[in-house]
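Visitor: got a sequence here, can you model it:
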Amino acid sequence: RLVLASKSLRPLPDKHRGLTDPEARVRQRYVDLVVRPDARTAAYQRATVVRSVRDSLHARGFTEVETPVLQTVHGGANARPFTTHINAYDLDLSLRIATELHLKRLVVGGLEQVFEIGRQFRNEGADATHNPEFTSLEVYQAYADHDAMRLLTQELVREAAVAVHGEPVLRARDAAGRLVEHDVSGDWPVVPICTAVSHALGEEVDADTPVEVLLRHAERHGLDPDGPRVWGTLVEELYGRLCERVTSAPVFYTEFPAAGAPLARAHRRDPRLAEKWDLVVNGAEQATAYSELTDPVLQRRRLLEQSLLASSGDPEAMVVDEDFLRALEHGMPPTGGMGMGIDRLVMNVVGGSIRDTILFPLVKP
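Guide: Numbers count the residues shown, from 1 in each chain. From the prediction side, this is the model:
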């Protein structure tokens, strides 16, 4: 006998070709999943990556927590927020751009190893590597520093790759669309950004290099620096163009200018630098970490400097979160913190695009 389980009013695409239009695959994900096995595999692989990260952290004694999505003061990153309004309190709110400041409050409260995997919202562009709504991991560990976070991050990424592939490999597509694999079984390179920029330029660059010299290098490479033309901004512009974009296999770039990391501790050997690293894979940042700034007086000064940028019309500048500063004033232990994009981690593990790794990415109507 034959029983009709449900009505199907629209025919599926050709069973051999499926949905051939990439736009249609995103806009009708439900059809794409039905007719294309690779789409279903990508969904399962994402779940495997997230489960691996969560299990790896639980195995190391970290506690998973949840922090507010609706916030009265957005902070923890330089980004433009989405804003909304709560009628009950007649109050303007922001969707969070990062979980950092609330997780640090928990470290102050005695939760010494915490993490959150959650949605962040940034009112910015959408392209092959960005989505306005995305998933990130943030991890904080008391009595640790950026070096401890570097070792932890290397293990988390490697274990996620093994969970998906059975071996420690990351994948990417080259310009011709061919699949390229990176063996990530050993220790990954750790390179100060001044060393990387010096190698790319063929000329020594360090914290004493005059701004005029950096400007000449920037102009020679067609760069028009966005922001104040100071040492830190110029070095990071050169790094982004000459180093980050051409990095394929994982590299930890370290010793960033302190001026660009207001929530990070100054480097113990040179206060002009920060104890910060970026993990770069396939030409984009995969994760970043700090030895966290725990001095409430210095943190207040830095946030006030950021708020001046906000008052001058920069919508992405951080503003002063008085409750966060009040928490720091109760005493925060030395702490290492790390943030990692989960969507990009899935991209780098399976070799897809951002639209392959997010089931329902935001698309223009």
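Visitor: the protein: strands as residue ranges?
Guide: Using DSSP state E, the strands of the chain run over 63-64, 70-71, 83-86, 91-95, 113-121, 133-142, 169-173, 179-183, 190-192, 251-254, 276-281, 284-291, 335-341.
Visitor: and the second one, what does it pack onto?
Guide: Contacting strand 70-71 under the criterion 3 or more Cβ pairs under 8 Å, 6 or more residues apart in numbering; DSSP states H and E are the following elements: strand 91-95. C-beta: built from backbone N, CA, C; applies to glycine.
Visitor: my understanding was that residue 207 contacts residue 273; is that so?
Guide: Yes: taking Cβ atoms under 8 Å as the definition, residue 207 is a contact partner of residue 273 at 6.6 Å.
Visitor: who's in contact with residue 238?
Guide: 197, 200, 201, 205, 214, 217, 218, 221, 223 (Cβ atoms under 8 Å, 6 or more residues apart in numbering).
Visitor: give me the neighbour count for the second one.
Guide: Other residues within reach of residue 200, judged by other Cβ atoms under 10 Å, total 17.
Visitor: and it, how close does it get to residue 219?
Guide: Residue 200 is 15 Å from residue 219, where distance means Cβ to Cβ, to the nearest Å.
Visitor: picking that back up, who has more neighbours, residue 207 and residue 273?
Guide: Taking other Cβ under 10 Å, residue 207 and residue 273 do not tie; residue 273 has more neighbours (24 against 16).
Visitor: ok so, going back, neighbour-wise, which one of the contacts of residue 238 leads?
Guide: Neighbour max across the contacts of residue 238 (other Cβ under 10 Å) = residue 197, 28 neighbours.
Visitor: per-residue pLDDT, that residue?
Guide: We have a pLDDT of 97 for residue 197.
Visitor: what's the answer for residue 24, then?
Guide: At residue 24, pLDDT is 88.
Visitor: now do the worst-scoring helix or strand of the chain on mean pLDDT: which elements does it pack against?
Guide: Least confident helix or strand of the chain, by mean pLDDT, DSSP states H and E, is helix 296-311 with a mean of 83. Counting contacts by 3+ Cβ pairs under 8 Å, 6+ apart, helix 296-311 is packed against helix 322-329.
Visitor: in the helix it packs on, what counts as buried?
Guide: Neighbour-count burial for helix 322-329, counted by 16 or more other Cβ atoms under 10 Å, picks out 324, 325, 327, 328.
Visitor: swap in stretch 185-202?
Guide: 188, 191, 192, 193, 194, 195, 196, 197, 198, 200, 201.
Visitor: the protein: helices as residue ranges?
Guide: In the chain, the helices defined using DSSP state H lie at 22-27, 29-35, 37-59, 100-108, 146-165, 193-201, 211-220, 231-242, 296-311, 322-329, 342-350, 354-357.
Visitor: which of those has the lowest average pLDDT?
Guide: Mean pLDDT, when computed for each of those, is lowest for helix 296-311, at a mean of 83.
Visitor: what's that one in contact with?
Guide: Residues contacting helix 296-311 (Cβ under 8 Å, 6+ apart): 78, 262, 263, 293, 317, 318, 319, 320, 321, 325, 328, 329.
Visitor: what about the first one, neighbour count?
Guide: Counted by other Cβ under 10 Å, the residues lying close to residue 78 total 18.
Visitor: how distant is stretch 280-293 from the center of its chain?
Guide: From the chain centre to the centre of stretch 280-293 is a distance of 7 Å (Cα atoms, centre = their mean, to the nearest Å).
Visitor: oh, I was asking about stretch 163-182
Guide: On Cα atoms, centre = their mean, the centre of stretch 163-182 falls 20 Å from the chain's centre.
Visitor: dump the C-alpha coordinates for it into PDB.
Guide: What follows is stretch 163-182, C-alpha atoms only, in PDB (Å, rounded to 0.1, in the frame of the first residue of the first chain):
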ATOM      1  CA  ALA A 163      37.700  15.100  14.700                       C
ATOM      2  CA  VAL A 164      36.600  15.800  11.100                       C
ATOM      3  CA  HIS A 165      39.400  14.200   9.000                       C
ATOM      4  CA  GLY A 166      40.900  11.700  11.300                       C
ATOM      5  CA  GLU A 167      44.300  13.400  10.900                       C
ATOM      6  CA  PRO A 168      45.600  16.900  11.700                       C
ATOM      7  CA  VAL A 169      45.100  18.700   8.300                       C
ATOM      8  CA  LEU A 170      43.500  22.000   7.400                       C
ATOM      9  CA  ARG A 171      42.100  22.700   3.900                       C
ATOM     10  CA  ALA A 172      41.600  25.600   1.600                       C
ATOM     11  CA  ARG A 173      40.800  26.300  -2.000                       C
ATOM     12  CA  ASP A 174      43.400  28.000  -4.100                       C
ATOM     13  CA  ALA A 175      42.800  30.600  -6.800                       C
ATOM     14  CA  ALA A 176      42.000  27.900  -9.300                       C
ATOM     15  CA  GLY A 177      39.500  26.200  -7.000                       C
ATOM     16  CA  ARG A 178      41.800  23.300  -6.200                       C
ATOM     17  CA  LEU A 179      41.800  21.800  -2.700                       C
ATOM     18  CA  VAL A 180      45.100  22.500  -0.800                       C
ATOM     19  CA  GLU A 181      45.900  20.700   2.500                       C
ATOM     20  CA  HIS A 182      48.200  21.900   5.300                       C
END
